[in-house]
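Chemist: dropping a prediction and its sequence here:
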Amino acid sequence: MGGLQKKKFERGSATNYITRNKARKKLQLSLPDFRRLCILKGIYPHEPKHKKKVNKGSTAPRTFYLLKDIRFLLHEPIVGKFRDYKVFVRKLRKAYGKSEWTSVERLRENKPTYKLDHIIKERYPTFIDALRDIDDALCMCFLFSTFARTGKCHVQTIQLCRRLTVEWMNYIITSRALRKVFLSIKGIYYQVEVMGQLITWLVPYQFAHDHPTDVDYRVMATFTELYTTLLGFVNFRLYHSLNLVYPPKLDGKAEAELKEEDEEGYAMNSESYSEKLSALGGSLARVVSAGEEEEAEVDQFPVEGEDMEKMEAREKEQKELEAQKRLFEGLKVFLNREVPRESLAFILRCFGAEVSWDKSVCIGSTFDVTDETITHQIVDRPNAEKQYINRYYIQPQWVYDCVNAKILLPVQDYFLGVTLPPHLSPFVEEKEGDYIPPEKLKIMALKRGEKSEEEEEEEEEGEGEEEEEDEDEDAEEDEDEEEEDVAEEMNLKKMEKQRSQGKSLSVKVTPGKVKAENPARLEQEEKAEEKRLAIMMMKKKEKYLYDKIMFGKKRKIREANKLAAKRKAHDDAEKVAKKKKAKKQ
Amino acid sequence: GGGGGGGGRGEEGGEEDLSDSEDSVFSGLEDSGSDSEEEEEEEGGGGGGGREEFCEVLCAVQDIRNTVGNVPMEWYRDFPHLGYDLDGRKIYKPIRSQDELDHFLDKMENPDYWRTVHDKQTGSDITLSEEQVALVRRLQSGRFGDVDFNEYQPTVEYFSRDVMLHPVTNRPADKRSFIPSLIEKEKVSKLVHAIKMGWIKPRRVEDDSRGRYYDLWASEDSSILARHKMHLPAPKIPLPGHQESYNPPPEFLFNEEERALWEQQDAADRKLPFVPRKFSSLRSVPAFPRFVHERFERCLDLYLCPRQRKMRVNVDPEDLIPKLPKPRDLQPFPTTQSLVYRGHSGLIRSISVSPTGQWLASGSDDGSVRFWEVCSSRCLKTVQVGGAVRSVTWNPNTAVCLLAVALDSRVLLLSPSLADRQVVSASELLLSDKEGAEPVQGAESLVTWSEAEGEELNEGIRLKIQHPKAVHQVAWHAKGDYLASVMPDHSSHLQVLIHQVSRRRSQNPFRRNKGLVQRVSFHPLRPYFFVATQRSVRIYNLLKQEMTKKLQANAKWISSMAVHPGGDHVICGSYDCRLSWFDLDLSTKPYRMLRHHKKAVRGVAYHRFYPLFASASDDGSVIVCHGTVYNDLLQNPLIVPVKVLRGHAVSQDLGVLDVTFHPSQPWVFSSGADATIRLYT
């Protein structure tokens, strides 16, 4: 009867969302500007729960932003800067067209700029928030710092990225925060722990990029603009948390050591200084000189029962961590020319080793190849011409594997010309039932202090074969039993068949066999049947979910089995090849 | 005229000093020409401009110079004179004596003819001297007229880099260089105005705060905006597994088929976005070609990908399994197959157990009805009825021993005499009771009752009820006097008939066709009648003669129906594998749908005492369920599957066709398409 008719889509979720085009019109921005704003302010589309309701009944694919987000963008000061820039470009074009060079110059001088500090502060209200989100920033800055100084983006951006990444690496070295490294086919992954946050980033191998044509570098540049600002502020804060001078300065001692070296190679003093910093060789200057600040002992509080165990576990972990931080302490490592210097220097310094390299590779080498105190030399070539007796010549993978295993692995697997053991990802944490590669098992055994399995294997190879035979026999016995069962069943079936065909059986009473019943097995079967029946009674929805979960579990098991089978086939093939070789000899 | 000549000369004032020799040359020329007459030349000549100039030069030098000046000589054509000399006397034209012949002769004879020119002003012929000819030649070849003129004289520079004592020009500075420029003033005032108005900004002070960092989080205000609460952080990039290593364990590398599969798959479907590779050493690892791509895609994901909060289901699958009472606690129920009844040669469509529980009757497609002793599985009796038997049913009354058999369009009543003499005679009596009475033929006279005779009588067949159509099912009333038969037909209202055996009467209870009738059943206690059509079950009150309820089975095609001995519950099996349990007090919708079978459900049955029901299906299995019904209306029935019984072989996609319980024991019989009947205890 009375009342106004309610109109559709005027309340509820339809009013909470806005399409991209409408948002753009509301903000009066062009698409590139809107994109830039979204990137800088961290505004992303939302997937509504009921798409059809939001889309006013239509099912056309659209991206939706939250209306609140767009309203929030309305009073962003940077939007005004975008407009200024647009006007600037227009004026400049006009002046060019009229060949008014003085006004071009004047306009150029007054080019509008903007700062992103307030956006950073707004997006990351606390420092921990910023650290949580810094993975992408690091990946991007490391990528940009490897770009050539020509072409794709401004040289200043590249230089800034390089400076910030070097600062970051120097901080990691000083705080010894590196936890895991991984040599992948894409590049090198590093994982660090800063203020309790695990941060992972990827650095490409040092090669020139062939820039793809289907990548929009403007988008990447906008991201980099934001990320460099973020990383700069984070670096500042991190340096100050360690009482380091920011922008970083080399320690007085280190500087003095480096001073005498040839500097005529560099045009400017500042340039050589930044190069020295990026060589990651020397320690950094502190505001308060080192040694004064000692880490305070953590007070122990008496706790009870379960907490006690937890505490102990935590303490143990802490101890392990401390040990890992000192992993390479006391080593003196020389890097050959062909190994990735920056990565290795970074990792080795992170765990306390002394590193040097050939003078021709980079500035800042501290000792020479001829130094007799060198303990390890990292080489990545088939053979070294001149070898010193008192040092190990090892391949670079040793360093990475040691970091991941948290112990110094035996060096003989990594000597020159030796086939390297597989390099495993430290990021995989196997759960119950997952496939664990045998190499990982070996390392785990090594960590527990057991003898490496391989040696044992070699010792017990003869025994092992015998055992295998025994196992075979056992298996055969089992099979025999099974066969008997099968035969019996067959007999019964046959009789039944005959009877069903109406043939008169020769009635004969044979002494029956006592059928031994395994009570445990019976019980198990009963349980299984019970479960089967219960599954039959499941509701449709739950059944679907249950089936899905079980399918996933089964797939996982299947995959693990497949990997194990592949490995076994590979090992067998290798064994056969080995034997053949032995026979030939 | 004379003035003009003077002007002409003035131009050549610069050459005055050189002209002495020239004068002599020209005078010589004049001498030679003075004696020749020029009258006629003037007549014929068109008067070329070049020639006139030449004359002018001559005039300037000659004594008898013509003073007419530079005028066309045509003007003097009609006069006897040519002009005037310096003294004002007329210069007469020479007498015209020469004609063409003279000219020719002159040309032939005179060796100087080629250098003789005619002077129009004086009218005389002039012979050029050697020098003059040479001059002409020089001019023709574009050289200077004077032989001695040096055209390559060294240049004298007026301006040099050396600072001179005196200025080159002595021009005084302009006035305008001493007073302020008006145009400039105008421009400046414009700029001043623009600056005042703020149109032009003064040069910006270089702001070097960009790229300068400070402690941004110095004052950490913990005021978390609502936005931060709503914020959905982008998921991090998944960490790499062993496959991504530059030197992975061998099992993670692709073999040929995996690689082929990877290449075949669409980029979005691939499990790994790259092919694992193995390198023997770190130095041989190349750059990853899609590195920039991947980073770019991550950027796109960050700002373009719609985000949604999704709850991860983290359930232990064991928790999803419903907690049911253990089957062991619900005993007794049939668990094992104990007897197989063999003898039929066709598929057995229907079985029925006598109300005493001693005998089992079965009807098969081989055209026979067999009677078995339940305990020994012996076939006691075989009755050939001559047609595929669709349905057999024992009379539920224990006082009589009768069996109704449906085949083709007949319903037979058999008295198998498998009981006490007393019972047998009672049943005989029931059938022969109305022998005397005239059987009232149905009003429609569709059904004919007839007595069996001869051989058939010996076999036990007592009555034959001939129907108009094929009968699919017969059902007894609990008292054993009434018998319902079903003749499924789409187009007729004559689908169900109810017969009264004692009075040999038949009637058609329904006037209207409400769908294809599949099954009928009497209520065990009250005067209700259940009719299962294709999609629903209707319940009729026989006393009031109206429909009381219509149960929606939610199935496509009901195949079978059974009524609980209490009468408040009904189960329906359907060809789409479902079994629906109706609680009549609860709703007209199924209380529970059971999808236990994989194939069509063919038969369902309730036990008379025990809380058991069974369903038989084409997948060859019989599923026995526990179904407790509580007296208290608030409690829902408890349904628990307790046993899956297998044994029947599936032939021609048909498995178990009928199932029935023993009237007093927890035993279940099933008959199948493999021509056997099986007893499970």
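Modeler: Good, I have the coordinates.
Chemist: switch to C-alpha atoms for all contacts and neighbour counts from now on
Modeler: Fine.
Chemist: if you look at stretch A:26-43, does any of it touch chain B?
Modeler: Yes. For stretch A:26-43, a contact with chain B is found by CA under 8 Å from any CA of the partner chain, at A:C38, A:I39, A:G42, A:I43.
Chemist: how far away from the center of its chain is the host helix or strand of A:D572?
Modeler: According to DSSP states H and E, A:D572 maps onto helix A:540-584. On the basis of CA atoms, centre = their mean, to the nearest Å, helix A:540-584 sits 25 Å off its chain's mean C-alpha point.
Chemist: who's in contact with the closest residue to B:N247 other than its chain neighbours?
Modeler: Once flanking residues are discounted, B:N247 sits nearest to B:K278: 4.7 Å by CA to CA, 6 or more residues apart in numbering or on different chains. Taking CA atoms under 8 Å, 6 or more residues apart in numbering or on different chains, we find B:K278 in contact with B:S245, B:Y246, B:N247, B:P248, B:L253.
Chemist: between these, which sits nearest A:G151?
Modeler: B:Y246 (30.6 Å; CA to CA).
Chemist: so the closest one touches B:V285, yeah?
Modeler: Yes. In this structure, B:Y246 is within contact of B:V285 by CA atoms under 8 Å, at 7.2 Å.
Chemist: for chain A, what helix or strand is lowest in average pLDDT?
Modeler: helix A:453-459 (a mean of 44; mean pLDDT, DSSP states H and E).
Chemist: closest point of the stretch 451-585 of chain A to chain B, which residue?
Modeler: A:R567 (4.9 Å; CA to the nearest CA).
Chemist: could you report the neighbour count for that residue?
Modeler: Per other CA atoms under 10 Å in any protein chain shown, the neighbour tally for A:R567 reads 18.
Chemist: same thing with A:E329?
Modeler: By other CA under 10 Å, neighbour count at A:E329 equals 16.
Chemist: now do A:R35
Modeler: 18.
Chemist: tell me which element B:R349 falls in.
Modeler: Judged by DSSP H and E, B:R349 forms part of strand B:348-353.
Chemist: so that strand, near chain A or not?
Modeler: No. Using CA under 8 Å from any CA, strand B:348-353 never reaches chain A; the gap is at least 14.5 Å.
Chemist: for that strand, name the packing helices and strands.
Modeler: With contacts defined as 3 or more CA pairs under 8 Å, 6 or more residues apart in numbering or on different chains; DSSP states H and E, strand B:348-353 has these neighbours: strand B:359-364, strand B:389-394, strand B:656-661, strand B:668-672.
Chemist: for chain A, find the nearest of the ones you listed.
Modeler: Checked against CA to the nearest CA, the stretch from those lying closest is strand B:668-672, at 13.2 Å.
Chemist: where in the stretch 351-500 of chain A is pLDDT low?
Modeler: Low-confidence segments of the stretch 351-500 of chain A (pLDDT under 70): A:450-500.
Chemist: and the helices in it?
Modeler: For the stretch 351-500 of chain A, the helices defined by DSSP state H, counting those that start in this stretch occupy A:397-405, A:438-448, A:453-459, A:461-500.
Chemist: right, and the helix or strand after the longest one?
Modeler: Which is helix A:461-500. Later in the chain than helix A:461-500, the nearest helix or strand by DSSP H and E is helix A:519-536.
Chemist: tell me the gap between that next one and the middle of its chain.
Modeler: That offset, for helix A:519-536, works out to 44 Å (CA atoms, centre = their mean).
Chemist: residues of it that come out buried?
Modeler: Across helix A:519-536, burial judged by 16 or more other CA atoms under 10 Å in any protein chain shown covers A:E529, A:E530, A:K531, A:L533, A:A534, A:I535, A:M536.
Chemist: so which of those residues are also by chain B?
Modeler: Residues of those in contact with chain B (CA under 8 Å from any CA): A:E530, A:K531, A:L533, A:A534, A:I535, A:M536.
Chemist: quick check: the gap between the closest residue to A:N390 other than its chain neighbours and A:E76.
Modeler: Leaving aside its chain neighbours, A:N390 sits nearest to A:T375 (7.0 Å; criterion: CA to CA, 6+ apart). According to CA to CA, to the nearest Å, A:T375 and A:E76 sit 59 Å apart.
Chemist: these two - which one has more neighbours?
Modeler: Relative neighbour count places A:T375 above the other of A:T375 and A:E76, with 17 against 13, counting by other CA under 10 Å.
Chemist: contacting residues around A:R341?
Modeler: By CA under 8 Å, 6+ apart, A:R341 lies in contact with A:L335, A:W357.
Chemist: buried residues, stretch B:473-482. List them.
Modeler: For stretch B:473-482, by 16+ other CA under 10 Å, it's B:Q473, B:V474, B:A475, B:W476, B:H477, B:A478, B:G480, B:D481, B:Y482.
Chemist: what residues does that stretch touch?
Modeler: Contacts for stretch B:473-482 (CA under 8 Å, 6+ apart): B:390-397, B:404-406, B:411, B:483-487, B:498-502, B:519-525.
Chemist: what is the end-to-end distance of that stretch?
Modeler: 14 Å.
Chemist: and of the residues of stretch A:26-43 next to chain B, the nearest to chain B?
Modeler: Proximity of those to chain B, judged by CA to the nearest CA, is greatest for A:I39, which lies at 5.9 Å.
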